[in-house]
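[1] predicted model and sequence below, questions to follow.
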Amino acid sequence: MSTDTTEFHREPKQSRSRASLERLLRAAADLLIEKGYAEFTLQEVSKRANVSIGSIYNRFNSKENLIRQVQRNELEALEVDSAVAINMIRRQNLKLRQLVPAVISQYGDILRKYQGILRPLMEISVVDEVVREIGKQHAWQNTEDFLKLLLECKDEITQPDPTRAVHRGFMYAYSALSRFLGLGFVDATSGEEDWDEMLEDLSEITLHYLLGHPDNIR
């Protein structure tokens, strides 16, 4: 069963009910960001959203489904930001040596913007198969969109298999960004490096790999 079509809550019909639901989901997301999954309780969500526990259970039959809906909303917002960034970069018609830094910088900034919610969701994904599957689907689609943008300059890549090279290089960059931001890594390095310097270094490393020789990036 596709998680994208699963209904996690009862859809409200009145505007007042929709506003209450949005307030509930925002409060739940904020609580996850501030306190993490270990301290996430429906009692605290109820207090922050100014809705009763009964109202929460009237919309969601479990705490898990509330979190899953929060995840869906947040990842959909992330995808919108990614689409805007990709379109902005694409309109510039950049060559590879300018495109790679632009892509890594924008992708990194998006991950950084959403790191607060991504951290607890990745923690939850270890014990919740539905959260894990939703996360995988969104991450795959988001990554593919950025990869397609990079592959628009595939004729400039000197590696024998440009598609494989772009995938490999981007995955290495993603791993470094994720480790810096503490997304699924126990030994996160957040605060130990300069963010802008790291983006610059990752761009240069990726370019050297895709072009095969340092002289090709000059």
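    It's in. This structure is a prediction, so every number in the text was calculated from the model and none was measured.
[2] ok, the spatially most central residue of the chain - contacts?
    Of all residues in the chain, the one closest to the mean position by Cα atoms, centre = their mean is residue 111, 5.3 Å from it. Each residue near residue 111 by Cβ atoms under 8 Å, 6 or more residues apart in numbering is listed here: 118, 177, 178, 181, 183. The way it works is simple: take the backbone N, C-alpha and C, and place the C-beta from them, glycine included.
[3] residue 33 contacts residue 116, doesn't it?
    Yes. Taking Cβ atoms under 8 Å as the definition, residue 33 is a contact partner of residue 116 at 3.9 Å.
[4] which residues in the protein form helices?
    15-35, 42-49, 53-59, 63-90, 96-113, 115-125, 129-150, 162-181, 195-211 (DSSP state H).
[5] OK, contacts around residue 104?
    Taking Cβ under 8 Å, 6+ apart, we find residue 104 in contact with 173, 199, 202, 203, 206.
[6] quick check, pLDDT for the second one.
    I take that to be residue 199. pLDDT recorded at residue 199 is 96.
[7] one more: residue 19?
    86.
[8] number of residues surrounding the closest residue in space to residue 115 that isn't next to it in sequence?
    Distances taken as Cβ to Cβ, 6 or more residues apart in numbering put residue 181 closest to residue 115, at 4.5 Å, once the chain neighbours are dropped. Residue 181 has 21 neighbours, counted by other Cβ atoms under 10 Å.
[9] how far away is residue 181 from residue 27?
    Distance of residue 181 to residue 27, given as Cβ to Cβ, to the nearest Å: 24 Å.
[10] which residue sits closest to residue 200, ignoring its sequence neighbours?
    With Cβ to Cβ, 6+ apart as the criterion, residue 200 has its nearest non-adjacent residue at 7.3 Å, and that residue is residue 101.
[11] and the contacts of residue 104, which two are furthest apart?
    Farthest pair in those (Cβ to Cβ) is 199 and 206. Separation: 10.6 Å.
[12] about what we covered before: I figured the residue nearest to residue 115 hits residue 112, correct?
    Yes. Using Cβ under 8 Å, residue 181 is in contact with residue 112, at 6.1 Å.
[13] how close does the residue nearest to the centre of the chain get to residue 141?
    The gap separating residue 111 from residue 141 is 15 Å, by Cβ to Cβ.
[14] mind listing what residue 149 touches?
    Contacts for residue 149 (Cβ under 8 Å, 6+ apart) come out as 86, 89, 90, 99, 103.
[15] how about the third one, what does it touch?
    Same thing as residue 90. 149, 152.
[16] which regions of the protein sit below the pLDDT cut-off?
    Residue ranges of the chain with pLDDT under 70: 1-16, 185-192, 213-218.
[17] possible to save the contacts of residue 149 as a markdown table with distance to residue 164?
    Formatted as a markdown table, the contacts of residue 149 follow (distance: Cβ to Cβ, whole Å):
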| residue | distance to residue 164 |
| --- | --- |
| 86 | 21 |
| 89 | 22 |
| 90 | 22 |
| 99 | 18 |
| 103 | 17 |
